[in-house]
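[1] Model the structure of this input:
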Amino acid sequence: MKTTTNFSLEVKDRAVRMVREHRDDHESQWATIGSVATKIGCAAETLRRWVRQAERAKGERAGMSSAERERIKALEQEVRELRQANEILRKASGYFAQAALDRPFKR
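    Numbers count the residues shown, from 1 in each chain. As a prediction, the model looks like this:
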């Protein structure tokens with residue numbers, strides 16, 4: 001059975017800061033992450049993901065930040081809605097054009 005613990009933003013920021021501050025005290029970043037993770041009570045992999053996300057947000061690592069990812073998601077949603085609206089308008093104009101052809105010519 002999987003249990004999840006939601007950590008506050010302050011705890012996440014502090015943990016990432018601790019990894020950065022204590023990097024020189026350990027032989028690798030993973031060792032630092034493991035040490036800090038046990039101190040704050042989270043899984044090392046969870047803390048590693050927080051560190052990687054913080055690195056992407058600061059531009060230290062390649063990839064999209066959370067803000068960029070959210071912006072792209074919003075733009076993709078807008079594109080879907082606009083395509084749907086265009087399809088509705090295309091069908092409506094075809095319907096009205098056909099209706100206009102079926103009417104007798106007015107003089």
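[2] alpha carbons only for contacts and neighbour counts from here, please
    Fine.
[3] which residue ranges form the helices in the chain?
    If DSSP state H is used as the criterion, the helices of the chain fall at 9-21, 29-40, 44-57, 66-102.
[4] got the domain boundaries for the protein?
    Listed by automatic domain parsing, the domain ranges of the chain are 7-63, 66-107.
[5] pretty sure residue 48 is touching residue 31, no?
    No - the pair residue 48 and residue 31 does not pass the contact test of C-alpha atoms under 8 Å, sitting 10.6 Å apart.
[6] show me where pLDDT drops low in the chain?
    With pLDDT under 70 as the threshold, the chain has low-confidence stretches at 1-4, 103-107.
[7] what's the distance between the spatially most central residue of it and residue 56?
    By C-alpha atoms, centre = their mean, the mean C-alpha position of the chain lies nearest to residue 69, the distance being 3.9 Å. Residue 69 sits 11 Å away from residue 56, taking C-alpha to C-alpha, to the nearest Å as the criterion.
[8] do residue 75 as well
    Residue 75 sits 21 Å away from residue 56 when distances are taken as C-alpha to C-alpha.
[9] So which of those two has more stuff around it?
    Neighbours were tallied for residue 75 and for residue 56 using other C-alpha atoms under 10 Å; the higher tally belongs to residue 56 (16 against 12).
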